[in-house]
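Trainee: how would this look folded up:
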Amino acid sequence: MKRVTLAAITGAHGLKGEVRLKLFTDSADSLKHYASFDADGRTLTLVSVRQAGAGAIARFKEVADRTAAEALRGVALTVPREALPPLEDGEYYHADLIGLPVVTEAGDSVGTVVAVENFGAGDVLDIQKPDGKSFMAPMHAVAVEPSALVIDALFVV
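Mentor: Down below sits the predicted model:
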């Protein structure tokens, strides 16, 4: 089962077990759609979550105090891919792109998507070539097909 990371715990907040989160979603409100998360094999049940700057503050039923919250630092909060809401045409989840083959418009194999990054100006694909080397290409340089990404050959390095 493919799992998708929605947030990561960055540390404790206060004394009563709340945690600070780094979000990989649009906002803290999007986490409210899920009753629980997998946290390194442990289930955490969401009690509350609120926006806090670019991140969020959350409380989980299983985390009673600051010591327990601090022990979760660095843990990713994941859900099954199937639990994510459906997408509109032309939209995609980063998790669905990772592992897809990349081909040119002529059908020549280029490599495989190993990561999707965003440094502030839009999504950038990290593509690993068969020889093990990799290069990055902007998302606008590819067309997303169901079984592969088709890249403009001008972006292949």
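
Trainee: can you pull out the helices in the chain?
Mentor: Here the chain has its helices, by DSSP state H, at 66-70, 94-97.

Trainee: what's the closest of the ones you listed to Arg81?
Mentor: Nearest to Arg81 among the helices of the chain is helix 94-97 (6.2 Å), distances taken as CB to CB. Quick note: C-beta positions are derived from backbone N, CA and C, even for glycine.

Trainee: Tell me the helices and strands packed up against that closest one.
Mentor: strand 109-118 (3 or more CB pairs under 8 Å, 6 or more residues apart in numbering; DSSP states H and E).

Trainee: rerun at 10 Å
Mentor: strand 3-13, strand 109-118, strand 123-128, strand 142-144 (3 or more CB pairs under 10 Å, 6 or more residues apart in numbering; DSSP states H and E).

Trainee: and that helix, what's its mean pLDDT?
Mentor: For helix 94-97, the mean pLDDT works out to 87.

Trainee: And for stretch 7-22?
Mentor: Computed over stretch 7-22, the average pLDDT equals 96.

Trainee: and the residue nearest to Val4 when sequence neighbours are not counted, what does it touch?
Mentor: Once flanking residues are discounted, Val4 sits nearest to Ala95: 4.6 Å by CB to CB, 6 or more residues apart in numbering. Contacts here follow CB atoms under 10 Å, 6 or more residues apart in numbering; on that basis Ala95 touches Lys2, Arg3, Val4, Thr5, Phe24, Thr78, Arg81, Leu84, Val116.
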